[in-house]
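**Q** build me a structure from this.
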Amino acid sequence: MTTRRTLLRALAGATLLPTGLQAFAASTAGGADEALKDIAKRKGLRFGTAVGSGKNQFGDPAYRALVERECNIIVAENEMKWQALEPARDAMRFGPADAMLAWASDKGMAMRGHNLFWQAEKWLPAWIAKEDFGSEPRRGAERLMRKHVQTVCAHYGTRIQSWDVVNEAVDPADGKLRQNALTRPFGAAGEIEQIDLAFRLAREYAPHAQLVYNDYMRGDTGSAKHRAGVLAMLAELKKRGSPVQALGLQSHIGSWDESADRGKEDLLQWRRFLDEVTGMGYDLLITEFDVNDRRLPADIAQRDLGVAAAARDYLDLTLSYPRLRDFLLWGMADHISWLQTWDEAPRTDKLPMRPCPYDAQLRAKPLRQAIADAMRSMPARQA
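**A** Numbers count the residues shown, from 1 in each chain. Sure, this is the predicted structure:
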């Protein structure tokens, strides 16, 4: 682990591959051999990715073939989110997600549900902000939430065995729970009340499913308040008897925090966080893995090596928890990654990011080998 962190620090200012790191480069430069899903399956893990309905993903036969070869579980990138399913009140639009689910079923892949409630107000359907909840706003909000969960869960039934019930409820800036048009009608403690209700409704209408809270906290200094807020929320939900079963670790790793990379300390803080989560009795999932390379060199060979090193450090630690049984990427190939159009922390040289295990020509990169090696090295999950 120290060698990989040393490599990352060297790459941050390097123009040539540092002397003495050739062996590591060779060990992460392998091509696609055994399918990642098969490596994972031997250890009791499912491996997969998010898939979008666009022409470069679900609409591209070559990309679909890559997903079929490597994955045994998928999740819809956006197509099951409330704003996609019901863009206007009572105008349900299940078609795109249904097509993806039918394809997954035909190819022997499971599919996760993502998500029932996305807490950031800007990601709620626009019509909810204009909703009149009547003289008893709490009951009006409860009715709307119940209708949504009942409609969606009844439509998918037992075909969806795992749901991200609530997504990104904690504000990373201060660790407090986010407010939105659905939380405010619940009053002074509306945020936690609404989240608790969301999970209780999900258990009522999807009694078979794993119920997950999903968020993007990390191990670095800049995410300390975020981690603390997630832990406080999970502790409160446990105290209330809310039927939350697992924490989804989005795992958008790489260069997010502007503070200096602290290497081992960041990983130590991440382990402490995961120990607290699992100590409360929650399972884990990696739900949206990719690697932001914005602070790595422009040179592709060096950059890909740095991405692979960061991934291996993170995965060696995170996959060491046997309660983690699902590992999903947020895209298999660079050209379809959301990071290509994300403008909050771009590369200063404006080059396209290389955050995924395959490049734009669907060629395997060192990241793929790092993922394969991490899964081969992780402890087996009990049946």
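
**Q** wait, isn't residue 205 in contact with residue 153?
**A** Yes: with contacts counted by Cβ atoms under 8 Å, residue 205 reaches residue 153, the gap being 3.9 Å. From N, CA and C alone the C-beta is placed, and that goes for glycine too.

**Q** just the pLDDT for the spatially most distant residue from the centre of the chain.
**A** Computed with Cα atoms, centre = their mean, the maximum C-alpha offset from the centroid of the chain is found at residue 135, amounting to 38.4 Å. With respect to pLDDT, residue 135 has a value of 91.

**Q** one more: residue 2?
**A** You'll see residue 2 listed with a pLDDT of 35.

**Q** picking that back up, which of residue 205 and residue 153 has more neighbours?
**A** Set residue 205 next to residue 153 and count neighbours by other Cβ atoms under 10 Å: residue 153 wins out with 22 against 19.

**Q** mind checking which helix or strand the more buried one is in?
**A** helix 137-156 (DSSP states H and E).

**Q** buried sites along that helix?
**A** 137-138, 141-142, 144-145, 148-149, 152-153, 156 (16 or more other Cβ atoms under 10 Å).

**Q** got the CA positions of that helix in PDB?
**A** Output of helix 137-156 as PDB, limited to C-alpha atoms (Å, rounded to 0.1, in the frame of the first residue of the first chain):
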ATOM      1  CA  PRO A 137     -49.300  19.200   4.800                       C
ATOM      2  CA  ARG A 138     -47.600  16.300   6.600                       C
ATOM      3  CA  ARG A 139     -50.400  13.900   5.600                       C
ATOM      4  CA  GLY A 140     -50.400  15.300   2.100                       C
ATOM      5  CA  ALA A 141     -46.600  14.600   1.800                       C
ATOM      6  CA  GLU A 142     -47.100  11.100   3.300                       C
ATOM      7  CA  ARG A 143     -49.800  10.400   0.700                       C
ATOM      8  CA  LEU A 144     -47.600  11.500  -2.100                       C
ATOM      9  CA  MET A 145     -44.600   9.400  -0.900                       C
ATOM     10  CA  ARG A 146     -46.800   6.400  -0.400                       C
ATOM     11  CA  LYS A 147     -48.300   6.700  -3.900                       C
ATOM     12  CA  HIS A 148     -44.800   6.900  -5.400                       C
ATOM     13  CA  VAL A 149     -43.300   3.900  -3.500                       C
ATOM     14  CA  GLN A 150     -46.400   1.800  -4.000                       C
ATOM     15  CA  THR A 151     -46.600   2.500  -7.800                       C
ATOM     16  CA  VAL A 152     -42.900   1.900  -8.500                       C
ATOM     17  CA  CYS A 153     -42.500  -1.100  -6.200                       C
ATOM     18  CA  ALA A 154     -45.700  -2.700  -7.500                       C
ATOM     19  CA  HIS A 155     -44.500  -2.200 -11.100                       C
ATOM     20  CA  TYR A 156     -41.100  -3.900 -10.600                       C
END
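
**Q** packing partners of it?
**A** strand 110-118, helix 190-205 (3 or more Cβ pairs under 8 Å, 6 or more residues apart in numbering; DSSP states H and E).

**Q** in this structure, where is pLDDT below threshold?
**A** For the chain, the stretches flagged by pLDDT under 70 are 1-32, 257-262.

**Q** ok, which stretches of it are helices?
**A** Counting by DSSP state H, the segments of the chain that form helices are 2-12, 22-27, 36-42, 61-70, 82-85, 95-106, 137-156, 190-205, 224-240, 264-279, 300-318, 366-377.

**Q** distance between stretch 366-376 and the chain's centre?
**A** Mean-position distance between stretch 366-376 and its chain equals 18 Å (Cα atoms, centre = their mean, to the nearest Å).
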